[in-house]
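A.B. asks: Fold the following, please.
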Amino acid sequence: MLTAVARNATRRTLRLAGTRTYAQLPKSNLPSLDFAPEAEQSTGAKSSKDSLSSVEIRRRRMGRVALAILALGTGLNIAYMGREWDETELKAKKLTLENAPTTRWGRTKERFGDIFDYFNKPAWPELLPSPMPPPHQKPFTLLISIDDLLVTSTWDRQYGWRTAKRPGVDYFLGYLSQFYEVVVFTTQNFYVGPSRVGIVQTISCFLDCRAHTEQTRPDLSYLNRPLNTVISLDTDPEHVSTHPENAIILPKWNGDPNDQGLIKIIPFLESIGIYKPPDVRPILAAYSGKDIPLEYAKKEAEAKALHVEKWTKERPHGLGVSVFSSLLGLSQDKSRSQVPLTYLEQKRREAQQLYADEQQYIRENKDYFESLLKKEQEMMAKEVPGTLWEAIGQLTGEPKKPSENPQQESSGKSGTS
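C.D. replies: Numbers count the residues shown, from 1 in each chain. Presented below is the predicted three-dimensional model:
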């Protein structure tokens, strides 16, 4: 009994001693594991605003002043953009008081758009040289896109990239060059375009002009030709979005070697060149969204039928006599029994004969024309930049540096002398 009491007393004594010992332990320097938020206490540290140096304070003040000046200048410039038009500005923008914006916001918007002229307007105010004096200048201009209309590029694992010329390109360009000033352009950059232009530039047809993307940003008003005489052939409506009334949108050529798309549209373009309408835009609008070769073939067939009917009514007796004479086996004047050609057919026959004579002349002087073509291709090759820096220089208008190879210069001079 006494032993148990003593044992319990000893335990209480040790427990109290342990409590006193824990209370007397020094505080640990280790961080507490209690993550409960504590009440915020002021550390007595100074604010960063109060610790800025005089240089930093001056810099911030100057920054605020600069922003204020910039905002004021922007506001004044915007207000100045809304000023009234002057005659010189209207002439440079090819506008008149009738079609120019009349409100202050409209004038501001028009002038603000001039900032981006490099990206949305041609690099030169006139893309084509001045027309030749009559009778040498052709009455119409045919602007043709090369990409996917005259040529196309395909790629395969065996041959890589290959460029093919559409069937009928030579005849298409050569024949229509009698009626049109033929201008081809490519959406490729100037350092890629010459290779594609060279594909359609053959000895059978010398193009009037060539252009590239930098020149033909899509406004046709910079073409330096009356818009009532311009027809644009393209596969992408975006290229002619500013003047859709001047455009004929054709399906892209997918490389089919049996394609006849260019040949089929020749009669329509040929008829415009023969009849010489004062404005091509109403004609193009009438065929907009239709299968032009098919619809025009119907119109020409109808005109031919009316021509035959009219001729038959005007000469019924002569036709009956000729039929009776043919039945009896008597001689007859075939010219009186045959239906005469229409005006279109006569002019078409003349144009085809002229094209045949030109091709014959080219064949007889093949060597001479090939030499001219070779010189032109060499000149085009010299214009193509050989390095990235030369390409950037051409974009910025920097003149091309002369060749650093004196032997090449001397050989070139001796070859041209």
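A.B. asks: Can you list the low-confidence ranges for the stretch 51-200 of the chain?
C.D. replies: In the predicted model, the stretch 51-200 of the chain carries pLDDT under 70 at residues 51, 115-126, 187-200.
A.B. asks: Just the strands from it, written as ranges.
C.D. replies: 140-145, 151-156, 160-165, 180-185 (DSSP state E, counting those that start in this stretch).
A.B. asks: Tell me how far the closest residue to Thr235 other than its chain neighbours lies from Glu110.
C.D. replies: Closest residue in space to Thr235, ignoring its immediate chain neighbours: Lys252 at 4.6 Å, by CB to CB, 6 or more residues apart in numbering. Using the backbone N, CA and C atoms, a C-beta is placed for each residue, glycine as well. Remark: distance between Lys252 and Glu110 (CB to CB, to the nearest Å) = 35 Å.
A.B. asks: related to what we said a few turns ago, can you redo the strands of the stretch 51-200 of the chain as a markdown table with distance to Gly75 and mean neighbour count?
C.D. replies: Below are the strands of the stretch 51-200 of the chain laid out as a markdown table (distance: least, CB to CB, whole Å; neighbours: other CB atoms under 10 Å):
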| stretch | distance to Gly75 | mean neighbour count |
| --- | --- | --- |
| strand 140-145 | 43 | 24 |
| strand 151-156 | 51 | 13 |
| strand 160-165 | 53 | 12 |
| strand 180-185 | 42 | 22 |
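A.B. asks: out of the ones you listed, which comes closest to Asp234?
C.D. replies: The minimum distance between Asp234 and those falls on strand 140-145, with 4.4 Å, by CB to CB.
A.B. asks: and that closest one, which strands flank it?
C.D. replies: strand 180-185 (parallel), strand 230-234 (parallel) (DSSP bridges).
A.B. asks: Following element in sequence after the last one, please.
C.D. replies: In this case it means strand 230-234. strand 247-249 (DSSP states H and E).
A.B. asks: Can you name every helix or strand that the lengthiest helix in the chain contacts?
C.D. replies: If you go by DSSP state H, the chain has its longest helix at helix 54-81. If you count contacts as 3 or more CB pairs under 8 Å, 6 or more residues apart in numbering; DSSP states H and E, helix 54-81 packs onto helix 104-113.
A.B. asks: Just the C-alpha atoms of the helix it packs on, please, in PDB.
C.D. replies: Only the C-alpha atoms of helix 104-113 are listed here, as PDB (Å, rounded to 0.1, in the frame of the first residue of the first chain):
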ATOM      1  CA  ARG A 104     -13.800  66.300 -91.200                       C
ATOM      2  CA  TRP A 105     -13.800  62.600 -90.100                       C
ATOM      3  CA  GLY A 106     -13.800  61.500 -93.700                       C
ATOM      4  CA  ARG A 107     -10.800  63.700 -94.600                       C
ATOM      5  CA  THR A 108      -9.000  62.500 -91.400                       C
ATOM      6  CA  LYS A 109      -9.600  58.900 -92.300                       C
ATOM      7  CA  GLU A 110      -8.500  59.300 -95.900                       C
ATOM      8  CA  ARG A 111      -5.300  61.100 -94.900                       C
ATOM      9  CA  PHE A 112      -4.600  58.600 -92.100                       C
ATOM     10  CA  GLY A 113      -4.800  55.800 -94.700                       C
END
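A.B. asks: Only the buried residues of that helix, if you could.
C.D. replies: By neighbour count with 16 or more other CB atoms under 10 Å, helix 104-113 contains the buried residues Arg107, Thr108, Glu110, Arg111.
A.B. asks: out of the residues you listed, who's nearest Pro340?
C.D. replies: Glu110 (57.1 Å).
A.B. asks: Setting aside sequence neighbours, what's the nearest residue to the closest one?
C.D. replies: Nearest non-adjacent residue to Glu110 (CB to CB, 6+ apart): Pro101, at 5.2 Å.
A.B. asks: In contact with the one you found, which residues?
C.D. replies: Pro101 makes contact with Arg107, Lys109, Glu110, according to CB atoms under 8 Å, 6 or more residues apart in numbering.
A.B. asks: one more time with 10 Å, if that's ok
C.D. replies: Gly82, Trp85, Leu95, Arg107, Thr108, Lys109, Glu110, Arg111 (CB atoms under 10 Å, 6 or more residues apart in numbering).
A.B. asks: okay but the fifth one is in contact with Gly82, surely?
C.D. replies: Yes - counting by CB atoms under 10 Å, Thr108 does reach Gly82; the two are 4.4 Å apart.
A.B. asks: any idea of the mean pLDDT for the helix or strand harbouring Glu345?
C.D. replies: Secondary structure from DSSP H and E places Glu345 in helix 343-364. Predicted confidence along helix 343-364 averages 92 (mean pLDDT).
A.B. asks: Kindly report the same for stretch 288-297.
C.D. replies: Here the average pLDDT along stretch 288-297 is 94.
A.B. asks: Sketch out the low-pLDDT regions of the stretch 251-400 of the chain for me.
C.D. replies: Ranges of the stretch 251-400 of the chain meeting pLDDT under 70: 316-337, 377, 380-400.
A.B. asks: Go through the contacts of Pro101 and say which is closest to Leu142.
C.D. replies: Leu95 (27.7 Å).
A.B. asks: How many residues are close by the residue nearest to Thr235?
C.D. replies: Neighbourhood size, Lys252 [other CB atoms under 10 Å]: 12.
A.B. asks: The buried residues of helix 104-113: which two are farthest apart?
C.D. replies: Longest span within these, CB to CB: Thr108 and Glu110, 7.4 Å.
A.B. asks: Val240: neighbour count?
C.D. replies: Count around Val240 with other CB under 10 Å applied: 21.
A.B. asks: Run the angle between whatever helix or strand Lys264 lives in and strand 140-145 for me.
C.D. replies: Using DSSP H and E, the element containing Lys264 is helix 261-275. Angle of helix 261-275 versus strand 140-145, following axes from the mean of the first three to the mean of the last three CA atoms, to 10 degrees, is 160 degrees.
A.B. asks: who does the helix or strand just after helix 261-275 touch, helix- and strand-wise?
C.D. replies: Using DSSP H and E, the helix or strand that follows helix 261-275 in sequence is helix 281-286. Counting contacts by 3 or more CB pairs under 10 Å, 6 or more residues apart in numbering; DSSP states H and E, helix 281-286 is packed against strand 230-234, strand 247-249, helix 261-275, helix 292-314.
A.B. asks: by contact count, what packs against the shortest one?
C.D. replies: When contacts are defined as 3+ CB pairs under 10 Å, 6+ apart, strand 247-249 sits against strand 140-145, strand 230-234, helix 261-275, helix 281-286.
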